[in-house]
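> Build me a model from this:
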Amino acid sequence: MSTPHIVILGSGFAALTAVRELRRRDRVARITLIAPKAELMYYPSLIWVPSGLRRGADLNIDVAGFLAEHKVGFHAGRVTGLQDGGRSVLTDTGTVTNDALLIASGGRFLKAMPGIEHALTLCEGASAAEAIRERLAGMAGGTIAFGFGTNPKEQGAMRGGPMFELLFGIDTLLRRQGRRDDFKLVFFNAAREPGKRLGNRAVTGLLREMARRNIATHLGHKLLGFEADKIRTEGGEVPADLILFMPGMSGPAWAADAGLPLSEGGFLKADAHCKAAGADKVYVAGDAGSYPGPDWLPKQAHIADLQAKAAAENLLRALDGKPPAARFKVELICIVDTLDRGILVYRDEKRALILPPCRLFHWAKRFFEWQYLRPYRKANRA
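This next block holds a predicted model:
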């Protein structure tokens, strides 16, 4: 029997964790990774770019050495669709066939909100984070508005954590610079209790922290759109000289041409084993998928890693003719960083907790970044 060919879509957290897990379990399988570049964007640290603690260039990590070390082929291209139940991956640089497919290509932001071009979105990448830094440095004062949205057809499809971090981080930065009194900071959200998926105690703690820092709020009003100098909501307008906004998320743009079942929110449907619905030997991990679980199931790097490990194990079992066995752990863990401190938030199916701001958690987040990126940087030096 010929060596099976496994194809992975993406080069983010889930994709690279899948590479490690597949190679740990199978040293001979032929693996090909498809992405526009052999590059990992380390999104969690984009929050530090506006303050200068990190540069955007620091966070675009070349993973070519890592792929070579793990004997993984690389196909540079953008996925445009799937055919033959996932056995053929269509890209703008050619078609790649496979015996098993792992989709870890991430999601995308919904950009249909009227006037969205007036807002900057941190997690669009290094250039967006640098643009926020430059805009902030050029301001002598004014109002900065921070907010995030969701996918109305899939309420959990949001990325709110980084916006809390950006809010608290910019507050800390302006205080360090002695400029805080020149600025009004406003947090807006359509929900009355923003960040509820973190747990009720987390919502209370985050709102308490905003009040302590004299950050105004505009909550519980549906967002209607943006203009150059304001946010329009059903509860009135919020004047703003700088708008920082994280839209809700949907699945990859090519998902509509994948020939696979999609959730209402546009994500690839997957089960608790990360198996794509209606497909054979096709698995999903990370932001591209919609999974069963509680409504607070997050779109974050940690859960993407957990899903990737389960997906990789089950994919190899499928190639061996065995049923899936691994399930990903339903867990949310994050440190909401404030530039000099961190607020630890944890939630699983049994409990939810939040620990107050602590310098140790800030340094723990920085240490985790170093530890997580070390294998990729080390491989490139080899």
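
> Let me see the mean pLDDT of the longest helix that the chain contains.
The longest helix of the chain (DSSP state H) is helix 359-381. Average pLDDT, helix 359-381: 94.

> And it, how far out from the chain middle?
18 Å (CA atoms, centre = their mean, to the nearest Å).

> Now that helix: buried residues?
Buried residues in helix 359-381, counted by 16 or more other CB atoms under 10 Å: Phe361, His362, Lys365, Arg366, Glu369, Tyr372, Leu373, Pro375, Tyr376, Ala379. In this view, the C-beta of every residue, glycine as well, is placed from N, C-alpha and C.

> From Leu166, how far out is the second one?
Counting by CB to CB, to the nearest Å, the separation of His362 from Leu166 is 15 Å.

> just the last one next, same as before
For Ala379, the distance to Leu166 under the criterion CB to CB works out to 31 Å.

> same question, the fifth one
Counting by CB to CB, the gap between Glu369 and Leu166 amounts to 16 Å.

> now the stretch 251-382 of the chain, which segments are flagged as low pLDDT?
In the prediction, the stretch 251-382 of the chain carries no residues with pLDDT under 70.

> Ala57 against Ala126, yeah?
Yes - contact status for Ala57 versus Ala126: in contact at 6.8 Å, counting by CB atoms under 8 Å.

> Pick out whichever of those two has more residues nearby.
A direct count of neighbours by other CB atoms under 10 Å for Ala57 and Ala126 places Ala126 higher, at 19 against 9.

> Whichever strand or helix holds Cys334 pairs with which strands?
According to DSSP states H and E, Cys334 maps onto strand 331-337. Partners of strand 331-337 in the sheet, by DSSP bridges, are strand 342-348 (antiparallel).

> what helices or strands is the helix or strand harbouring Lys269 leaning on?
Using DSSP H and E, Lys269 maps to strand 268-269. Where contact means 3 or more CB pairs under 8 Å, 6 or more residues apart in numbering; DSSP states H and E, strand 268-269 is packed against strand 289-290.

> Give the partner strands of the strand it packs on in its sheet and their orientations.
In the sheet, strand 289-290 lines up with strand 268-269 (parallel) (DSSP bridges).

> Measure how far the partner strand is from the centre of its chain, please.
On the basis of CA atoms, centre = their mean, strand 268-269 sits 17 Å off its chain's mean C-alpha point.

> where exactly do the helices run in this structure?
Going by DSSP H, the chain shows helices at 13-25, 56-59, 64-69, 126-137, 161-176, 200-212, 301-319, 359-381.

> what is the mean pLDDT for stretch 5-14?
The model assigns stretch 5-14 a mean pLDDT of 98.

> my guess is Met158 contacts Gly248, does it?
Yes - between Met158 and Gly248 there is a contact under CB under 8 Å: 5.4 Å.

> which residues do these two both contact?
By CB atoms under 8 Å, 6 or more residues apart in numbering, Met158 and Gly248 have these common neighbours: Phe148, Gly149, Thr150, Asn151.

> now the last one, which residues is it bridged with?
In this case it means Asn151. Under the criterion used (DSSP bridges), Asn151 bridges to Glu154.

> how near is it to Glu264?
9 Å.

> Compare the two (neighbour count), which wins?
Asn151 (23 against 11).

> dump the residue contacts of the closest residue to Gly199 other than its chain neighbours.
Sequence neighbours aside, Ala352 is the residue nearest to Gly199 in space, at 3.0 Å (criterion: CB to CB, 6 or more residues apart in numbering). Counting by CB under 8 Å, 6+ apart, Ala352 touches Leu198, Gly199, Asn200, Arg201, Ala202, Tyr346.

> same deal with Ala57?
Ala126 are the contacts of Ala57 under CB under 8 Å, 6+ apart.

> I'd like the distance between it and Ala301.
Ala57 sits 20 Å away from Ala301, going by CB to CB.
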